[in-house]
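Undergrad: Structure for the following, please:
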Amino acid sequence: MVKIAKELPLEQLTLRKYEKPFRLEGRQLIKKFCLSLGILQPGDSRDIVVDVMHVLLQNKTLTASETENAVREERKKHNLPMLGITGSNIRRQLRRLQDIHLVDRQVKSYVFAENLPLTEAVSERTIKTLLGAIVERVQEYAKTIEEKYGK
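TA: Model (predicted):
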């Protein structure tokens, strides 16, 4: 039997375009932002990343434990089910935000993108860094294909 290796991407970024953020506030605004960046899937009921991002935006720095406590309070405030608020899941969501370069880990705490304005963090750190590297690699594949197939 031939063993087939999984083709796992080194990095990935999903971007979606939604309507303009007209009349959106608070949690709904952040939820649409998370959907736009692909860190939340449409129709996904597991939206704890929204609360993680919301509490990070409201605070300068938080430890994983402080983030977990703040998320619990956030979910209580909005009468949301207390699902997905385990420490391990909070750390996983923090890691996902790190992967798209919006959150930095400093010793034992997390800070939202070096305290940069959100538009600058997305533009400089996520779009230019992450998307730029992905586009560059796609172009390398295209060039290799051209060289091998003459087109």
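Undergrad: And the helix or strand harbouring Arg92, what does it pack against?
TA: Assigned by DSSP states H and E, Arg92 belongs to helix 87-99. Applying 3 or more C-beta pairs under 8 Å, 6 or more residues apart in numbering; DSSP states H and E, one finds that helix 87-99 contacts helix 48-58, helix 64-77, strand 103-106. Where you see a C-beta, it was placed from the backbone N, CA and C, and this is true even at glycine.
Undergrad: got the CA coordinates for that helix in PDB?
TA: Extracted in PDB, the C-alpha atoms of helix 87-99 (Å, rounded to 0.1, in the frame of the first residue of the first chain):
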ATOM      1  CA  GLY A  87      -8.000  27.500  29.000                       C
ATOM      2  CA  SER A  88      -6.700  25.200  26.200                       C
ATOM      3  CA  ASN A  89      -9.200  26.600  23.700                       C
ATOM      4  CA  ILE A  90      -8.500  30.200  24.700                       C
ATOM      5  CA  ARG A  91      -4.800  29.600  24.200                       C
ATOM      6  CA  ARG A  92      -5.600  28.000  20.800                       C
ATOM      7  CA  GLN A  93      -7.600  31.100  19.800                       C
ATOM      8  CA  LEU A  94      -4.700  33.300  20.900                       C
ATOM      9  CA  ARG A  95      -2.400  31.200  18.800                       C
ATOM     10  CA  ARG A  96      -4.700  31.600  15.700                       C
ATOM     11  CA  LEU A  97      -4.600  35.400  16.200                       C
ATOM     12  CA  GLN A  98      -0.800  35.100  16.500                       C
ATOM     13  CA  ASP A  99      -0.700  33.100  13.200                       C
END
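Undergrad: and the residue nearest to Asn89 when sequence neighbours are not counted, what is it in contact with?
TA: Once flanking residues are discounted, Asn89 sits nearest to Ile48: 6.3 Å by C-beta to C-beta, 6 or more residues apart in numbering. Applying C-beta atoms under 8 Å, 6 or more residues apart in numbering, we find Ile48 in contact with Val71, Leu83, Gly84, Ile85, Asn89, Ile90, Gln93.
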